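[1] Okay, predicted coordinates and the sequence, questions at the end:
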Protein chains: 2
Amino acid sequence: MEKLKRRGKTIGFVPTMGYFHEGHLSLFRRARRENDVAVVSLFVNPTQFGPSEDFKRYPRDMKRDMLLCKKERVDYVFAPNVKTMYPGGYQTSVDPGKLASVLCGKSRPGHFRGVATVVAKLLNLARPTVLYLGQKDYQQCLIIQRLVADLDFPVRIKICPIVRDRSGLALSSRNTYLDEKGKSAALALIKGIRWFRAQVRNGARDARSLEKGVRRILMKAGARVDYAEILDARELSPLRTLSGKILLAVAAYVPAAKRRNAKREVRLIDNCMMKISKGGSI
Amino acid sequence: MEKLKRRGKTIGFVPTMGYFHEGHLSLFRRARRENDVAVVSLFVNPTQFGPSEDFKRYPRDMKRDMLLCKKERVDYVFAPNVKTMYPGGYQTSVDPGKLASVLCGKSRPGHFRGVATVVAKLLNLARPTVLYLGQKDYQQCLIIQRLVADLDFPVRIKICPIVRDRSGLALSSRNTYLDEKGKSAALALIKGIRWFRAQVRNGARDARSLEKGVRRILMKAGARVDYAEILDARELSPLRTLSGKILLAVAAYVPAAKRRNAKREVRLIDNCMMKISKGGSI
């Protein structure tokens, strides 16, 4: 990478955990289009999974992923193993601060410390010009932006829109855990988001009652709500009344397909961002 | 820096808190001699000082420092202010892990988190080829080596020997706090180290009794011992019997010169490393 940069080449970088879907591919295409060289990392990072989470079962398909990278004309794929990334004696970590104390950071203690640490490592290894992230992991995007600014990593960040299937379900590698029943519960996330959008467009501004409405939609569809929160989109601080750049972030557990060693539930996330001007228009 | 590197230039980097003494200058000279470009940073980093420590009183003399840099033909001096390094909203930090839990890390909670964070920032800003550190801050060297390895910073580290005055006192910007009385107490650090070396050369191998001997020398000279510990030099883990690469690390408070707003005591550190082969020879 150093040599490429020395020759003045720009590097677009997409960090991933593999098991690619159209969301990933949209990032690869953009990295390729906007830079001389596109680099993808493929690493299921153990330190961002909690002890009771799905690190071991996380879906993997290296062969298919490599073919997709080739098809998308990714120039370099970096697919290290766990021992290469975390050899014996490893002990330094990156602590992301208060942005990591809410939403997924609250439900998944240590998750964002794991994310921040592996991203710092990958930035030092890939030395990209531009880092591409997907908005589906909104809190992650914000934390990585903060990390890059706070630790002065010399990289620009571009955040790319959520890619959804025809039914509106946000693409996720974990969707592979879903059967029909799970899928129908999973659709409650986008249903809640659409309801929220409509309400806000109709003038609703009270955060608590909007959150309540979203939760009701999720529960009704058989999803177990982890959180449904409306926050300031920049600081992730709580809001009473919607104004400015706001975020609705949703996480819910939906039934998983019955498989050997499988968990009973899948945790899915989704979000939407809206700008509400002072006059009240959107 | 990026442009220099692109042209294939090597960059030698010395991070400092200013108020230069021969110890600093020895690092500048080496950075200059071994690289195309020598870069020095000059920043009294508030996050590595505890609330009751000497951040505000830490000796500063920018004018003299700049002249010394010029004299030593340093190519670039980076002297940011606190707001540039830690603007509003700043919240990410680098957590150095268990190496930071002993010695100075124990006496100065948060100190090495501050050090690790600012060093990560400076590495990203200066993008050096080689980082030069002084062995006087032995634990700091070890933590930065770990940080660089763990977070994959693309930089080599060179650790340079402690520079002492004629009496044997390790040079430190904090020596400026000392008057005659303080100086004579401060000399107990090197006295303890010399006694330790002689004992080990004569075959002493029991860590506890050697530590006790060093503490006795310090106390006798009017120094208040913070720690005097013999540890494995790589892991900073405790030792019962000396073998392999070992470290004696000493920290003590000695009386400070009486000045307005001055603290009554100065905290000084020193150390020595020895290799003891299996046969028992040194």
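    Thanks, I have it. Residues are numbered from 1 along each chain as shown, chains lettered A, B, ... in the order given.
[2] Which pLDDT value belongs to the residue nearest to residue A:200 when sequence neighbours are not counted?
    The spatially closest residue to residue A:200, leaving aside those adjacent along the chain, is residue A:274, at 6.0 Å (Cβ to Cβ, 6 or more residues apart in numbering or on different chains). (C-beta placed from N, C-alpha, C; glycine too.) Note for residue A:274: predicted pLDDT of 97.
[3] strands paired with the one helix or strand residue A:274 maps to, and their directions?
    Under DSSP states H and E, the secondary-structure element containing residue A:274 is strand A:265-276. Strand pairing for strand A:265-276, determined by DSSP bridges: strand A:244-255 (antiparallel).
[4] Okay, buried residues for the strand it pairs with please.
    A:246, A:247, A:248, A:249, A:250, A:251, A:252, A:253, A:254, A:255 (16 or more other Cβ atoms under 10 Å in any protein chain shown).
[5] Show the model's pLDDT score for the fifth one.
    I take that to be residue A:250. 98.
[6] Nearest to chain B among the buried residues of strand A:244-255?
    Distance to chain B across these (Cβ to the nearest Cβ) is lowest for residue A:247, with 16.8 Å.
[7] Need phi/psi at the closest residue in space to that closest one that isn't next to it in sequence.
    The shortest distance from residue A:247 to any non-neighbouring residue, by Cβ to Cβ, 6+ apart, is to residue A:233 (4.0 Å). For residue A:233, the backbone dihedrals are phi -70, psi -20 (criterion: degrees, to the nearest 10).
[8] what are the phi and psi angles of the residue of the stretch 101-250 of chain A found nearest chain B?
    For the stretch 101-250 of chain A, the residue closest to chain B is residue A:150, as judged by Cβ to the nearest Cβ, at 3.7 Å. Backbone dihedrals for residue A:150, given as degrees, to the nearest 10, come out at phi -70, psi -40.
[9] Around it, how many other residues sit close by?
    24 (other Cβ atoms under 10 Å in any protein chain shown).
[10] just residue A:127 next, same as before
    Using other Cβ under 10 Å, the number of residues around residue A:127 comes to 19.
[11] nearest residue to it other than its sequence neighbours?
    If you skip the residues right next to it in sequence, residue A:127 has residue A:1 as its closest partner in space, 4.7 Å away by Cβ to Cβ, 6+ apart.
[12] what residues are up against that neighbour?
    Going by Cβ atoms under 8 Å, 6 or more residues apart in numbering or on different chains, residue A:1 touches A:11, A:39, A:76, A:125, A:126, A:127, A:128.
[13] Please pull up the helix or strand immediately following the lowest-mean-pLDDT helix or strand in chain A.
    The helix or strand of chain A with the lowest confidence, counting by mean pLDDT, DSSP states H and E, is helix A:2-6 at a mean of 71. Elements were assigned by DSSP H and E; along the chain past helix A:2-6, the next helix or strand is strand A:11-16.
[14] circling back: against residue B:90, how distant is the residue nearest to residue A:247?
    When distance is defined by Cβ to Cβ, to the nearest Å, residue A:233 is 19 Å away from residue B:90.
[15] The two: which has the busier surroundings?
    Using other Cβ under 10 Å as the criterion, residue A:233 and residue B:90 rank with residue A:233 on top: 21 against 16.
[16] Local confidence estimate at the more buried one?
    Residue A:233 carries a pLDDT value of 98.
[17] Would you mind giving the domain segments of chain A?
    When chain A is parsed with automatic domain parsing, its domains come out as A:2-160, A:173-276.
[18] What distance separates the opening and closing residues of stretch A:75-82?
    Separation of the first and last residues of stretch A:75-82 by Cα to Cα, to the nearest Å is 23 Å.
[19] which parts of the stretch 51-200 of chain A sit against chain B?
    Within the stretch 51-200 of chain A, the positions near chain B by Cβ under 8 Å from any Cβ of the partner chain are A:89-99, A:113, A:116-117, A:120-121, A:124-125, A:127, A:146-147, A:150-154.
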